[in-house]
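[1] this one's structure only:
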């Protein structure tokens with residue numbers, strides 16, 4: 001099937017198109033409907049009539065952007081008209097929602113007259129929080145944007161102009177850093193003088209490029225003052241006319257430090273690249289075919305050539321999705337009256353800075369590139385980097401407030417946390433633990449210290465003052481990996497092979513001499529197995545907690561800390577708990593990793609420990625013991641165990657949280673079943689702590705909930721141990737390691 005055929009099938013699948021309207025409030029009862037519409041809706045209407053700004057509080061206006069086009073310059077297709085442009089505008093709405101959780105109405109206007117277009121869009125200001133102009137031909141696009149910015153007091157942004165400018169500007173800043181050139185002294189050659197090229201040139205000036213150092217070419221050659229004076233250039237392109245001899249792109253590129261292509265494919269050859277200054281920067285952004293292809297440009301000369309294109313199959317893609325969703329997110333959240341130059345520069349600076357940071361595992365996995373790292377082939381972040389919303393949007397919001405166009409002031413630290421929660425719902429709760437950990441960081445041993453993920457997590461833990469990481473592993477291997485990753489942090493290392501002090505082996509022998517370990521075996525385990533060494537270090541109080549398991553099966557990783565550290569004095573059983581966060585609820589699931597066939601004693605203890613864990617995340621526990629029966633509907637050994645565990649907890653006066661069971665899973669989580677069918681249940685809100693009857697059910701259950709329910713998961717968190725110990729999963733990412741280390745720190749604080 002061709003790409004066109006596949007795309008047609010994709011778009012025609014029922015329902016046609018790519019977007020729909022969804023409700024955000026309950027509409028299940030007559031009361032709900034009376035609040036949503038008549039008569040209840042009169043209340044917010046009157047409030048907004050008294051204060052129009054109240055629309056941001058009572059309606060979706062503050063999170064709604066109009067994507068507006070007349071289809072006169074659709075990328076790659078030209079003037080196809082408004083109706084034919086609708087799939088593109090719907091696609092733009094998908095990107096807004098997917099990357100920044102911004103809602104969109106797409107508006108395709110059958111209007112080419114500039115004044116009429118401006119009047120039509122301006123009249124819709126009460127509906128929207130911002131306007132994104134799209135695929136409008138030049139020079140009309142300049143006039144339309146200027147007219148709307150003057151008429152409207154909400155952000156108006158023509159992404160075709162400014163998006164490319166901002167993203168390539170971020171790439172320019174990083175490329176210049178890599179080649180050691182100063183932005184104020186570089187010569188820049190442009191191929192193309194359309195909307196994107198002119199906006200990019202203007203933005204480069206905002207970044208520090210000297211206007212007199214920009215040579216721009218259109219299809220007829222260099223923009224010269226002679227051409228401007230003769231009337232050959234429009235007022236917009238005349239701004240970049242230079243008093244130089246006539247020439248073409250090859251003349252403009254000779255001696256230039258930077259080439260920016262926003263024109264047509266294949267117009268630049270190797271000789272033109274060789275004519276440029278040392279270590280040239282080439283941004284060939286024509287789509288689908290760049291002005292010169294990646295390999296040709298890189299191979300044209302022996303020095304460093306930093307190359308970017310608009311294509312996703314080459315490094316350094318200049319992709320507008322890196323900008324517009326997050327720029328609008330920041331602008332909307334401070335109710336900015338416009339998106340000004342300060343906000344655009346802030347976005348470019350944030351993008352450039354993000355590309356210099358360690359790349360999350362999820363991004364490496366998504367792009368199947370293990371070695372993504374700041375350098376000539378990585379000067380821009382990838383679109384799937386979840387940190388974009390946090391870094392770019394908060395930078396834009398800050399710039400809006402500092403430049404005076406924000407109508408509301410926000411706490412930027414709290415704002416960053418809200419942005420994190422938008423893209424990773426678990427972060428809203430994890431932030432409670434992370435903040436607590438940062439108040440008093442503890443020493444946490446990382447038993448697989450020579451693993452790349454562990455090293456990257458250790459740097460983050462240290463940089464963000466979440467914990468004091470202690471890497472346990474081969475010192476030489478750690479040094480090698482550190483060099484390969486470009487890590488310069490001074491990290492504490494304990495090498496089992498360097499341990500001369502036999503205190504650790506002697507302590508292990510004392511603990512396990514009546515459990516089959518000889519003194520010689522104790523020495524060998526401490527010197528060859530980081531898990532045993534880390535466990536003894538925790539037991540002896542030389543570190544406050546430990547993480548292990550990234551490179552071992554869960555049972556193998558858990559065995560050493562269980563043997564050496566064991567459970568707390570008043571606890572007989574450890575358990576593994578996952579925190580699953582959904583859009584509108586959080587669940588703690590136990591036990592998913594440790595106890596294979598628990599009896600009522602184990603289930604009771606697991607419930608107590610999981611409820612205590614929930615409270616550390618500021619969640620009031622409501623504990624349900626799950627089974628395949630409801631409140632005695634089936635009576636056998638399997639259903640009696642959770643029923644008995646629930647009874648014991650209910651009758652314990654020290655238990656101050658609601659407990660019930662045995663019950664089926666849907667009974668536990670569906671409010672109408674609890675309040676209707678089983679009105680005698682101990683809680684009238686859905687349970688948030690689910691205790692599964694055995695390991696098989698717990699493991700299957702949490703994975704189904706996570707995958708099919710779209711939950712973000714934190715864990716497994718090990719509860720019941722005498723000292724803080726957590727066992728990682730083998731596919732855990734750096735963020736998972738950081739999260740569990742933070743939990744270990746707060747465990748130690750509580751100790």
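    Nice, thanks for sending it over. The model shown is predicted, which means the values in this text are computed figures rather than measured ones. Residues are numbered from 1 along each chain as shown.

[2] how about the contacts made by residue 396?
    326-327, 329-331, 339, 343, 346-347, 350 (C-beta atoms under 8 Å, 6 or more residues apart in numbering). In this view, the C-beta of every residue, glycine as well, is placed from N, C-alpha and C.

[3] among those, which are in helices?
    Among the contacts of residue 396, the ones falling in helices (DSSP state H) are 326-327, 329-331, 343, 346-347, 350.

[4] counting contacts, what elements does the helix ranked longest in the chain pack onto?
    Selection of the longest helix in the chain by residue count, based on DSSP H, yields helix 159-179. Contacts defined by 3 or more C-beta pairs under 8 Å, 6 or more residues apart in numbering; DSSP states H and E place helix 159-179 against strand 130-133, helix 140-151, helix 195-207, strand 258-261, strand 281-284, strand 306-309, helix 324-333, helix 341-355.

[5] adding distance to residue 534, mean neighbour count and mean pLDDT, write those out as a markdown table.
    Formatted as a markdown table, the helices and strands packed on helix 159-179 follow (distance: least, C-beta to C-beta, whole Å; neighbours: other C-beta atoms under 10 Å; pLDDT from 0 to 100):
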| stretch | distance to residue 534 | mean neighbour count | mean pLDDT |
| --- | --- | --- | --- |
| strand 130-133 | 52 | 26 | 96 |
| helix 140-151 | 60 | 18 | 93 |
| helix 195-207 | 48 | 23 | 92 |
| strand 258-261 | 51 | 28 | 94 |
| strand 281-284 | 47 | 29 | 94 |
| strand 306-309 | 43 | 26 | 93 |
| helix 324-333 | 40 | 27 | 95 |
| helix 341-355 | 33 | 23 | 95 |
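
[6] wait, which of these is closest to residue 432?
    Minimum separation from residue 432 across the helices and strands packed on helix 159-179 (C-beta to C-beta) falls at helix 324-333, 21.8 Å.

[7] against which helices or strands is that closest one packed?
    In terms of contacts (3+ C-beta pairs under 8 Å, 6+ apart), helix 324-333 is packed against helix 82-100, strand 130-133, strand 156-158, helix 159-179, helix 341-355, helix 388-403.

[8] run a quick neighbour tally on the residue nearest to residue 95 when sequence neighbours are not counted.
    Nearest residue to residue 95, sequence neighbours excluded (C-beta to C-beta, 6 or more residues apart in numbering): residue 321, at 5.4 Å. Applying other C-beta atoms under 10 Å, we find 20 residues neighbouring residue 321.

[9] what of residue 616?
    16.

[10] next one: residue 105
    A count of nearby residues for residue 105, using other C-beta under 10 Å, gives 16.

[11] where exactly do the helices run in the stretch 401-550 of the chain?
    412-423, 426-439, 452-463, 475-485, 503-512, 519-528, 530-539 (DSSP state H, counting those that start in this stretch).

[12] I'd like those helices written out as a markdown table, with mean pLDDT, mean neighbour count and distance to residue 130 added.
    Below are the helices of the stretch 401-550 of the chain laid out as a markdown table (pLDDT from 0 to 100; neighbours: other C-beta atoms under 10 Å; distance: least, C-beta to C-beta, whole Å):
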| stretch | mean pLDDT | mean neighbour count | distance to residue 130 |
| --- | --- | --- | --- |
| helix 412-423 | 86 | 17 | 17 |
| helix 426-439 | 82 | 19 | 25 |
| helix 452-463 | 90 | 22 | 34 |
| helix 475-485 | 86 | 15 | 40 |
| helix 503-512 | 84 | 18 | 61 |
| helix 519-528 | 83 | 17 | 61 |
| helix 530-539 | 90 | 27 | 52 |
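
[13] thought residue 531 was touching residue 553?
    No: Residue 531 is beyond contact range of residue 553, at 11.8 Å (criterion: C-beta atoms under 8 Å).

[14] can I get the helices and strands packed on helix 324-333 in CSV including distance to residue 14?
    Formatted as CSV, these follow (distance: least, C-beta to C-beta, whole Å):
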stretch, distance to residue 14
helix 82-100, 15
strand 130-133, 28
strand 156-158, 33
helix 159-179, 30
helix 341-355, 38
helix 388-403, 32
